[in-house]
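Chemist: Test case, fold it:
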Amino acid sequence: MIDITAALARSANDLVGLASGAGTISAGLEPPKVLIEALSRFQNEQRSIEYVKLEAAQAGAIDPPSPETLAGYFDDHKAQFRAPEYRKISFVVINPEEVGKWTTVSDEDARKIFAERRDKLGTPEQRQVSQIVFPNAEEAAVARSRIAAGLSFEDLVKERGLNGSDVDLGMIAKSAVIDPAIADAAFALPSGDVSQPVQGRFGVALVKIGKIAPGVEASYESVASDLKKEIAAERARKSVGELRDKMEDERGGGASVIEAAKKLGLTAVTVDAVDRSGRLPNGQLVANIPRGLDVVSQAFNSDVGVDNDPIQFNGGYVWYDVLGITPSRERNLDEVRDQVEARWRDDQIAGRLKTKATEMVQKLDLGGKLADEAANAGLKVETAAGFRRDAALPGVPAAAVTAAFRTAKDGVGQAAGAGTNEWIVFRVTDVTVPPVDLASDDMKKLKETLGRGLTDEQVAQYVTKLETDIGTSINQAVFAQVTGANNN
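Modeler: Residues are numbered from 1 along each chain as shown. All right, here's what the predicted structure looks like:
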């Protein structure tokens, strides 16, 4: 077979000549109305259900398993209790945050920054500010005179056809008021007062003050720790590049991560055993790996003795070594007895709940009412209304949503719950299919999407026929680009 892909890439004209008429493959091709309506129904159909949750309490008492039963269960499920592969790793982080931890900042340095930022570190005074803007000073002056004569600011707002959102700037600090003239006037008035006309950027305004929240001046003691961290991090940024170069020199000379860190006065972290999920042998997540640092998966892609490239992290770098590997192995029953018994118990509960759910469904199929069955079992009937098949409903597991869309109106069904000790029994109470408006924007987008899909399929069939008829291998992506098929 001749491979003409390279030739096609070199000359689009050759491809167009080969596929003469390909540009008209999809001409006039539109998705049929029945297809659009079917897909719209699938996407937008809504269902309502009433349901009950069977939980562990409905399973009844579960007697402890006999030694023989537990041993048999363990033998049948050994793979679930297998010890994962563990790796011993060491790493050192060099970034502004970590280096800053090793930097000492004096109170003298921190107080200098505090003095420069004192006004910004505290909480500024805030006021509830309202304003009415007038087209000219004369109208504003007349309005202010009427307020002096007894007209309320609120009545003036209504009289001018405004509402609260038109005039209320909210609780705001002086620095947040855009117009300096308005800010000066607002923060010179007592609470409840209305200003004289103020010439602002956007016209002449009357300003009213509501509640006033006094500012709080920050003390050095309240911000000293944060200021020192900030200063340390800023100084550390200048040190990161230098430390990176020194670390690379040490690593290039054959030093391990631990050796290089010790020589440079840095602190390396060693994790004796961690699995791929970042958990220790006791099942807890490793606590001393910084959030967002993906050193574990990197370590599982490496090996003992490999000189790994550093990982970029938070403006710096992380060097790591794999110090040892403990292969995955089968555990014996004594090592995991508690886990095996807990899993066996969960399986027993799940099995009983499924059996009870099946019995309840059978009774409902014979004409029983969900409310009666729920009452007999001491359960509460709940409802979920008007949801689509892609809905995420609080308290209703995804499996129940899926099952509801496989069940006819007035039909009953069951599904596994969100946890191992939960089962759902439901009845579909309503099925609603919104009418299809082919002129709506959603339907136009749906039509375009379907059209592109049909065109791609048509082009693929055309290319396949060319390959069969003339014995060639054609790059379909290039073909679609040249013929314009992927621009539909």
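Chemist: Surely Val428 touches Val401?
Modeler: No - the pair Val428 and Val401 fails to qualify as a contact (C-beta atoms under 8 Å) at a distance of 11.4 Å. For glycine as for every other residue, the C-beta is placed from the backbone atoms N, C-alpha and C.
Chemist: residue ranges of the strands in the stretch 1-150 of the chain, please?
Modeler: Under the criterion DSSP state E, counting those that start in this stretch, the stretch 1-150 of the chain contains strands at 2-3, 46-55, 86-94, 126-134.
Chemist: Now do the contacts for Phe187.
Modeler: Residues touching Phe187, when contacts are defined by C-beta atoms under 8 Å, 6 or more residues apart in numbering, comprise Glu125, Arg127, Lys174.
Chemist: quick check, nearest of those residues to Val286?
Modeler: Within the set of the contacts of Phe187, Glu125 lies nearest Val286; the separation is 46.9 Å, counting by C-beta to C-beta.
Chemist: The closest one contacts Ala213, correct?
Modeler: Yes - shown here, Glu125 and Ala213 form a contact pair, counting by C-beta under 8 Å, at 6.7 Å.
Chemist: which strands and helices sit next to the longest helix belonging to the chain?
Modeler: Ranked by residue count and defined by DSSP state H, the top helix of the chain is helix 220-252. Helix 220-252 makes packing contacts with strand 86-94, helix 96-101, helix 107-121, helix 257-263, strand 316-326 when contacts are defined by 3 or more C-beta pairs under 8 Å, 6 or more residues apart in numbering; DSSP states H and E.
Chemist: Show me what the last one pairs with in its sheet, parallel or antiparallel.
Modeler: Read it as strand 316-326. The sheet places strand 316-326 alongside strand 86-94 (antiparallel), strand 311-313 (antiparallel), with pairing taken from DSSP bridges.
Chemist: Give me the contact list for that strand.
Modeler: 85-99, 240, 244, 247, 251, 256-258, 260, 270, 273, 293, 295, 298-299, 302-306, 308, 310-312.
Chemist: what's around Thr267, how many residues?
Modeler: Residue neighbour count, defined by other C-beta atoms under 10 Å, stands at 11 for Thr267.
Chemist: just Ala299 next, same as before
Modeler: Residues within reach of Ala299, counting by other C-beta under 10 Å, total 24.
Chemist: Tell me, what's the model's pLDDT at Asn487?
Modeler: Note for Asn487: predicted pLDDT of 53.
Chemist: Can you turn the buried part of the contacts of strand 316-326 into a ChimeraX selection?
Modeler: One line in ChimeraX is enough to select the buried members of the contacts of strand 316-326, burial here meaning 16 or more other C-beta atoms under 10 Å:
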select :86,87,88,89,90,91,92,93,94,95,96,97,98,99,240,244,247,251,256,257,258,260,273,293,295,298,299,302,308,310,311
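Chemist: Compile the strands paired with strand 316-326 into JSON lines and extend it with columns for mean pLDDT.
Modeler: Compiled in JSON lines, these are given as follows (pLDDT from 0 to 100):
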{"stretch": "strand 86-94", "mean pLDDT": "95"}
{"stretch": "strand 311-313", "mean pLDDT": "93"}
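Chemist: so which of those strands gets nearest Arg345?
Modeler: Nearest to Arg345 among the strands paired with strand 316-326 is strand 86-94; the distance by C-beta to C-beta comes to 27.6 Å.
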